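[1] fold the following, please.
(one chain, ligands or ions: 1)
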Amino acid sequence: MSEEKFKNVISHAKEYGFVFPSSEVYDGLAAVYDYGQNGVELKKNIREYWWKSMVQLHDNIVGIDASIFMHPQVWKASGHVDGFSDPMIDNKDSKKRYRADVLIEEYQEKYKVKNRKEIAKAKKRFGEAFDEEQFVATNPNILRNNAKIKEIDDRLREGLESGELDKVKALIEDLGIADPVSGSKNWTDVRQFNLMYSTQMSATDGESQIYLRPETAQGIFVNYLNVQKTGRMKLPFGIAQTGKAFRNEIVARQFIMRMKEFEQMEMQFFVQPGTEMKWYTYWKEHRLKWHRNLGIDESKYRYHDHVKLAHYANAAVDIEYEFPFGFKEVEGIHSRTDFDLKQHESFTGKKLQYFDNEKNESYVPYVVETSIGLDRMFLVLMSNALEEEALGDGKTRTVLRLPAALAPYQCAILPVVKKDGLVEKAQEVFQQLKLDFNCYYEEKDTIGKRYRRQDAIGTPICITIDGTSLEDNTVTLRFRDTMEQRRVNIEELEGIIAKEVSMKALLKGLV
Ligand code: GAP
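    Numbers count the residues shown, from 1 in each chain. The predicted structure follows:
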């Protein structure tokens, strides 16, 4: 997918009521977005697919809904107060703030673009005979560009890992990186800024500083014992949760890829110490299966193992999707050991252990986490589904090939004209189907235009009511993907649509 296609996804999302910039009438708020009438339905369906696949399909996983506000000590214990930060740099002239590592990565991107152009040129020249792997390994321009990229990577890593941020600033200066807005190279020092938002909470004994949660996971950890005891859960078992998280991300132009307010779908799987790698492998495979089950081209996904692990993890992998700006993380699977529960034990002085009847001993369970961003998954589906299809004779149509079970509307009910009793008949069909399906009802415009509008929002089936419908109780079904049309009796509609948009059929692919 090209940069151009990504722009199309963003404008399509806006034009068809999926995603709007937040407070747009006030010119928006950076990296904050609102979901519109179609977006909210798609998002709800993705959430439901995740929830059912986790909670309903596993007899040992239950869900919770913890608060966004938590006791401030939670974030001390989890390490977020001291360690959850990004290296920032300010431009003294434009007064704009940037992530220093992102400025450097954007600089590197220029070399990557040059490589892609080089490859595209060679592909054209050599045609069928082109061996990309060999070309990349031998072409002097590409080798030179890659050496430069690596040199920058090494210097950036050295500065960040050692905490010597003056080295990161020196790198920015050596590369001659200028403020993308003003062109100025007048930079401040690089400093670490915490990503958590804080606010004040009033209490009888004064005010205290609290945080908006930067991940939902901690709400699960602090409820581990409540759920284990009240649900009489036996290891291994999981607790799932979906909900908002907040991070003060300083980014530009990444749409819903990186937001300040976003939604996570997380599951913590509590296991016996020593069995965590078995479960890590299980969840790594199971989660990729969940993605592939949506019919997305397999080559669009890959694993990215973390080489450098966070201090609490003994294994971590990202599931990445190929966005226009390259492969990027959509989901993380982390083996978090007993770090979080032990930290909460030590900060509260309370035991957060499990009594193992078989072993006749108590211990702190280990945890394998799966954590996916709902908004990023939304972007994966939109990017993957949007197609400009050539129909011959120079005609095209815009079609959003979403998995039918996740589409905002399952069907559209369209009387061909607004007269001759067709509206009443169409309303009858609507009343019949609305208890089972989210049905779009529309009377305006020609039927061709209405089909196109439904294609553009991904509705899998259109139901057209015409004069014949009044005579023999039949309607025309028109399918989004094939544009095939079929005449069926109104009595059959419920069964046909249920089969076409079945969440059950989708979930079956996972068992
Ligand atoms: N509890 C683990 C955790 O929060 P993470 O890698 O920081 O791990 C998990 O976040 C997922 O949340 C990511 O894979 C991504 O899909 C999503 N995510 C993280 N930051 C995000 C942001 N600023 N905007 C949108 N999604 C984000």
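
[2] tell me the secondary structure for E207?
    strand (DSSP: H, G, I helix; E, B strand; the rest coil).

[3] how about it, what does it touch?
    200-201 (Cβ atoms under 8 Å, 6 or more residues apart in numbering). In this view, the C-beta of every residue, glycine as well, is placed from N, C-alpha and C.

[4] residues near K300, how many?
    Around K300 there are 17 other residues, counting by other Cβ atoms under 10 Å.

[5] before we move on, what about the one 5 residues further on?
    When neighbours are defined as other Cβ under 10 Å, D305 has 10 of them.

[6] what helix or strand is the nearest residue to it once chain neighbours are set aside on?
    Of all residues not flanking D305 in the chain, V317 sits nearest, at 5.1 Å (Cβ to Cβ, 6 or more residues apart in numbering). When elements are assigned from DSSP states H and E, V317 belongs to strand 315-323.

[7] thought D466 was touching R478, still the case?
    No - R478 is not in contact with D466 according to Cβ atoms under 8 Å; the separation is 11.9 Å.

[8] do you have the strands of the stretch 251-400 of the chain handy? List them.
    Ranges of strands within the stretch 251-400 of the chain are 261-271, 301-305, 315-323, 326-337, 354-356, 361-363, 366-373, 386-392, 395-400, based on DSSP state E, counting those that start in this stretch.

[9] next SSE after the last one?
    Under the assignment DSSP H and E, the closest C-terminal helix or strand after strand 395-400 is strand 411-415.

[10] buried set for that next one?
    411-415 (16 or more other Cβ atoms under 10 Å).

[11] just put those in CSV and tack on distance to the ligand.
    Shown next, in CSV, are the buried residues of strand 411-415 (distance: Cβ to the nearest ligand atom, whole Å):
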residue, distance to the ligand
C411, 31
A412, 31
I413, 35
L414, 36
P415, 41
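
[12] tell me the one among those nearest to E424.
    P415 (8.8 Å; Cβ to Cβ).

[13] residue contacts, the nearest residue to V429 once chain neighbours are set aside?
    Of all residues not flanking V429 in the chain, I413 sits nearest, at 5.3 Å (Cβ to Cβ, 6+ apart). Counting by Cβ under 8 Å, 6+ apart, I413 touches 426, 429-430, 433, 439-442, 463, 465.

[14] next one: stretch 95-111 to chain centre, how far?
    Remark: stretch 95-111 is offset 23 Å from the chain centroid, using Cα atoms, centre = their mean, to the nearest Å.

[15] count of neighbours near the spatially closest residue to E331 that is not a sequence neighbour?
    With sequence-adjacent residues excluded and distances taken as Cβ to Cβ, 6+ apart, E331 is closest to I372, at 3.9 Å. Look at I372: counted by other Cβ under 10 Å, it has 25 neighbours.

[16] in this structure I372 contacts E329, no?
    No - between I372 and E329 there is no contact under Cβ under 8 Å: 9.5 Å.

[17] shared neighbours, those two?
    Residues touching both I372 and E329 by Cβ under 8 Å, 6+ apart: I319.

[18] got a list of what L225 touches?
    Taking Cβ under 8 Å, 6+ apart, we find L225 in contact with L352.

[19] how about it, secondary structure?
    Secondary structure for L225, judged by three-state DSSP, is helix.

[20] and the residue nearest to G274 when sequence neighbours are not counted, bridged to which residues?
    Leaving aside its chain neighbours, G274 sits nearest to Y366 (7.8 Å; criterion: Cβ to Cβ, 6+ apart). For Y366, the beta-bridge partners are V271 (DSSP bridges).

[21] need the residues of this protein near the ligand, please.
    Within reach of the ligand by Cβ under 6 Å from any ligand atom, the chain has these residues: 215, 217, 247, 249, 258-259, 262, 264, 266, 329-332, 369, 371-373, 375-376.

[22] check this structure and tell me which residue is nearest its centre.
    With the centre of the chain defined as its mean C-alpha position, the nearest residue by Cα atoms, centre = their mean is R376, 1.9 Å away.
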